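> quick one, structure for this:
(one chain, ligands or ions: 2)
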Amino acid sequence: MNELPMHPNSPNTPAPPDSPPAPGSTQEVTPQVAPQVTQNAVPEVSPAIPPQISERMPVQTNVAAASPRILAVMNQKGGVGKTTTTANLAAGLTYLDQKVLVIDMDPQAHLSLHFGLELASTDLNLYQLLAEDEVTVQEVIREVGSNLSIIPAQVNLAGVEAELAPKVITGQAQRVLADKVEALLQTPDRPDYIIIDCPPSLGLLAINALTLAREVVVPLQAHFLALQGLSKLFETIQLIQQGFNPKLRVGGVVLCMHEANTILASEVVADLMNFLEAGRGQDVPWADAVIYEPPIRRNIKLAESPSFGKTIFEYAPHCAGARDYERLAKSILSTPTASAS
Ligand SMILES: Nc1ncnc2c1ncn2[C@@H]1O[C@H](COP(=O)(O)OP(=O)(O)OP(=O)(O)O)[C@@H](O)[C@H]1O
Ligand SMILES: [Mg+2]
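Ligands and ions are numbered 1, 2, ... in the order given. Presented below is the predicted three-dimensional model:
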């Protein structure tokens with residue numbers, strides 16, 4: 001397993017004088033989500049075990065699964081943390097020995113920039129993959145780190161929906177990404193995880209992501225009207241499940257930029273729990289959806305790192321944001337896949 005470079009409590013890494021307190025210590029500023037919210041919590045380790053050892057314990061993984069886990073990071077609301085979550089969850093998973101491919105499905109190309117990728121206008125990217133029949137996945141993939149690669153985007157991706165429009169009637173336009181990626185899934189060097197950073201809309205690009213994905217991960221900021229958008233998103237997921245992708249499920253919600261000590265956030269989280277509870281046992285794709293542990297706290301380092309083209313683990317490995325995404329990666333790795341059999 002690769003060493004997590006970000007871990008402040010590794011026995012090999014002396015804590016810098018200004019480093020945050022160790023997880024589990026009395027000084028630790030823990031994300032304050034009510035215990036019942038964390039339905040998918042990484043199991044608590046006995047307090048008798050020092051935190052630096054518990055952190056290094058192996059987590060139960062799904063690596064034995066024959067096919068990759070394919071996650072669409074989606075919320076049609078803008079600026080909720082989709083790209084930040086895609087980039088840092090992906091990087092966190094690579095430190096847990098997972099081979100990860102991310103797909104930048106947003107014409108803003110923020111994910112590509114987050115990994116410091118600057119493409120020439122002539123470089124192949126997701127636009128050509130979707131618009132040109134003969135372009136293959138292998139031709140557009142770029143390595144951006146150890147065990148980490150990307151299908152990048154550029155602003156020209158904005159034009160692809162118009163290009164694909166004539167194929168909507170036959171259903172081909174909705175599954176062009178799935179059909180192209182299928183070829184990669186048949187090869188021995190397929191990734192363990194494919195994570196798709198979706199645009200803030202529910203158009204043809206988002207539909208392509210949902211047709212490829214098996215699990216939807218929803219970053220959500222616990223703000224006014226957050227749940228109204230969520231029910232619209234879940235309706236769309238259900239339509240795609242029924243029309244194109246019977247295996248599609250909602251894996252869960254990641255609380256992003258979370259401010260646990262505000263009344264509004266607590267109320268929104270309580271409403272979210274009720275909303276998810278109402279789906280239990282129902283024939284809906286969110287029947288088993290969880291609120292992932294931990295919530296991602298607001299942390300300025302997370303906002304700074306993209307402008308340096310770095311993940312949080314490269315930019316500020318000791319900060320709260322790095323620890324939150326490290327724990328989220330472990331949490332998702334240890335979650336049974338949400339796909340239907
Ligand atoms: N936990 C956090 N703490 C502080 N800032 C954050 C955090 N998460 C994200 N941000 C910042 O908030 C802004 C929006 O985040 P991000 O780009 O990830 O959202 P998004 O949902 O992908 O946006 P869009 O809908 O435009 O694609 C960015 O400036 C990002 O750096
Ligand atoms: Mg984004």
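> C-alpha from now on. contacts and neighbour counts both.
Will do.
> and the stretch 51-200 of the chain, which residues reach ligand 1?
Residues of the stretch 51-200 of the chain lying close to ligand 1 (Cα under 6 Å from any ligand atom) are 78-84, 199-200.
> which among those residues end up buried?
80-84, 199-200 (16 or more other Cα atoms under 10 Å).
> and those as TSV, adding pLDDT?
Putting these into TSV (pLDDT from 0 to 100) gives the following:
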residue	pLDDT
Val80	97
Gly81	98
Lys82	98
Thr83	98
Thr84	98
Pro199	98
Pro200	97
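> where does pLDDT dip in this structure?
Low-confidence segments of the chain, defined by pLDDT under 70: 1-66, 338-341.
> could you redo the last one with a cut-off of 50?
Counting by pLDDT under 50, the chain has low-confidence residues at 1-65, 340-341.
> which residues of it fall in strands?
Applying DSSP state E to the chain gives strands spanning 69-73, 100-104, 142-145, 148-151, 193-197, 215-220, 249-255, 290-291.
> measure the residue nearest to Tyr315 when sequence neighbours are not counted to Leu210 for me?
Spatial nearest neighbour of Tyr315, chain neighbours left out: Ser305 (5.9 Å); criterion: Cα to Cα, 6 or more residues apart in numbering. Using Cα to Cα, to the nearest Å, Ser305 is found at 28 Å from Leu210.
> these two - which one has more neighbours?
For Ser305 versus Leu210, neighbours defined as other Cα atoms under 10 Å are more numerous around Leu210 (31 against 19).
> OK, contacts around the more buried one?
Each residue near Leu210 by Cα atoms under 8 Å, 6 or more residues apart in numbering is listed here: 72, 216, 237, 240, 245, 248.
> repeat for Met257
Taking Cα under 8 Å, 6+ apart as the criterion, Met257 is in contact with 80-81, 221, 296-299.
> and for the closest residue to it other than its chain neighbours, the neighbour number?
What sits nearest to Met257 in space, not counting adjacent residues and going by Cα to Cα, 6+ apart, is Arg298, at 4.0 Å. Using other Cα under 10 Å, Arg298 has 15 neighbouring residues.
> could I get the strands of the chain as CSV with distance to Phe313?
Putting the strands of the chain into CSV (distance: least, Cα to Cα, whole Å) gives the following:
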stretch, distance to Phe313
strand 69-73, 20
strand 100-104, 16
strand 142-145, 12
strand 148-151, 14
strand 193-197, 18
strand 215-220, 20
strand 249-255, 19
strand 290-291, 23
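> can I get those in JSON lines with mean neighbour count?
JSON lines is the format used below for the strands of the chain (neighbours: other Cα atoms under 10 Å):
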{"stretch": "strand 69-73", "mean neighbour count": "26"}
{"stretch": "strand 100-104", "mean neighbour count": "26"}
{"stretch": "strand 142-145", "mean neighbour count": "14"}
{"stretch": "strand 148-151", "mean neighbour count": "22"}
{"stretch": "strand 193-197", "mean neighbour count": "26"}
{"stretch": "strand 215-220", "mean neighbour count": "27"}
{"stretch": "strand 249-255", "mean neighbour count": "25"}
{"stretch": "strand 290-291", "mean neighbour count": "23"}
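> Glu161: which of the ones you listed is closest?
Taking Cα to Cα as the measure, the strands of the chain were each checked against Glu161, and strand 100-104 came out nearest at 15.0 Å.
> can you give the contact residues for the closest one?
Taking Cα under 8 Å, 6+ apart as the criterion, the residues outside strand 100-104 that touch it are 86-87, 90, 93-94, 110-112, 126, 147-153, 191-198.
> again, only using 7 Å
Strand 100-104 is contacted from outside by 90, 94, 111-112, 147-153, 191-197, using Cα atoms under 7 Å, 6 or more residues apart in numbering.
> just the terminal-to-terminal distance for stretch 212-222.
Counting by Cα to Cα, the length from the leading to the trailing residue of stretch 212-222 is 28 Å.
> is ligand 1 contacted by that stretch?
No: taking Cα under 6 Å from any ligand atom as the criterion, stretch 212-222 and ligand 1 are apart, separated by no less than 7.3 Å.
> figure out how far that stretch is from the centre of its chain.
Using Cα atoms, centre = their mean, to the nearest Å, the distance from the centre of stretch 212-222 to the centre of the chain it belongs to is 7 Å.
> and stretch 302-319, by the same measure?
Computed by Cα atoms, centre = their mean, the chain-centroid distance of stretch 302-319 equals 16 Å.
> now do the buried residues in it.
Along stretch 302-319, these residues count as buried under the neighbour rule (16+ other Cα under 10 Å): 302, 305-306, 309-313, 315-319.
> stretch 170-186 too?
Residues 172-178, 180-181 are the ones in stretch 170-186 that count as buried (16+ other Cα under 10 Å).
> which single one of those residues is nearest to ligand 1?
When the buried residues of stretch 170-186 are compared for distance to ligand 1, the smallest value, 19.3 Å, is given by Leu177; criterion: Cα to the nearest ligand atom.
> pretty sure the closest one contacts Asn208?
Yes: the pair Leu177 and Asn208 passes the contact test of Cα atoms under 7 Å, sitting 5.9 Å apart.
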